[in-house]
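Peer 1: need a 3D model of the sequence below.
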Amino acid sequence: MPVFIDILNGEKLSELLYNLKPDAIPLWGTMSAQHMIEHLVEQVGYTNGNKLAALELSLEEALHKKQVFIYSDFELPKGALSHLPLNEIKCTDLQTAIISLKKELETFHQHFKTEGITAIHGGFGAMNCNEWVIWHGKHFTHHFKQFGLWP
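Peer 2: Below is the predicted model of the structure:
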């Protein structure tokens, strides 16, 4: 059974993030370390009330995908391609990007303190805090493996 990153464990997450070096070479893909972190910043932004996503599938398809990808041991495979374009670098350096990610995660935690709140995932539909924690954990794990930060 795979072990995924727990985005609620800020201490462990910080330790992993600060092991990432600006010149780290990915084991696959074309993202730089900073691109990867800024990609995570953008994705967390859709789950903390700052950005809104639209459901891209039928509700039935989304519910099925949610079961397959969230409620299973599914791992994003090496080299998985996103339909999202590579984001432009916005931060001045990697450390600034890491700080930005930590701020987005803090906003995520604050946003989901309100009971019953959900945020839309384009492929899975409305997801609650627990579902987002699972998905972010899988997504972060995928990218941290990409840069050798996670086994």
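Peer 1: where do the strands of this structure begin and end?
Peer 2: All strands of the chain, identified by DSSP state E, fall at 119-121, 125-127.
Peer 1: please identify the deepest-packed of those strands.
Peer 2: Per-stretch averages of neighbours, counted by mean count of other CB atoms under 10 Å, single out strand 119-121 among the strands of the chain, with a mean of 20. Backbone N, C-alpha and C define where each C-beta goes, glycine included.
Peer 1: mind listing residues that contact it?
Peer 2: The contact list for strand 119-121 (CB atoms under 8 Å, 6 or more residues apart in numbering) reads 46-49, 52-55, 62, 66, 111, 126-127, 132, 135.
Peer 1: please redo it, this time with the cut-off set to 7 Å
Peer 2: The contact list for strand 119-121 (CB atoms under 7 Å, 6 or more residues apart in numbering) reads 46, 47, 52, 53, 54, 55, 126, 127, 132, 135.
Peer 1: partner strands of that strand, parallel or antiparallel?
Peer 2: With DSSP bridges as the test, strand 119-121 is paired with strand 125-127 (antiparallel).
Peer 1: residues near the closest residue in space to residue 57 that isn't next to it in sequence, how many?
Peer 2: With CB to CB, 6 or more residues apart in numbering as the criterion, residue 57 has its nearest non-adjacent residue at 6.1 Å, and that residue is residue 123. Residue 123 has 16 neighbours, counted by other CB atoms under 10 Å.
Peer 1: isn't residue 75 right up against residue 1?
Peer 2: No - taking contacts as CB atoms under 7 Å, residue 75 lies outside contact range of residue 1: 10.4 Å.
Peer 1: nothing else from me, thank you.
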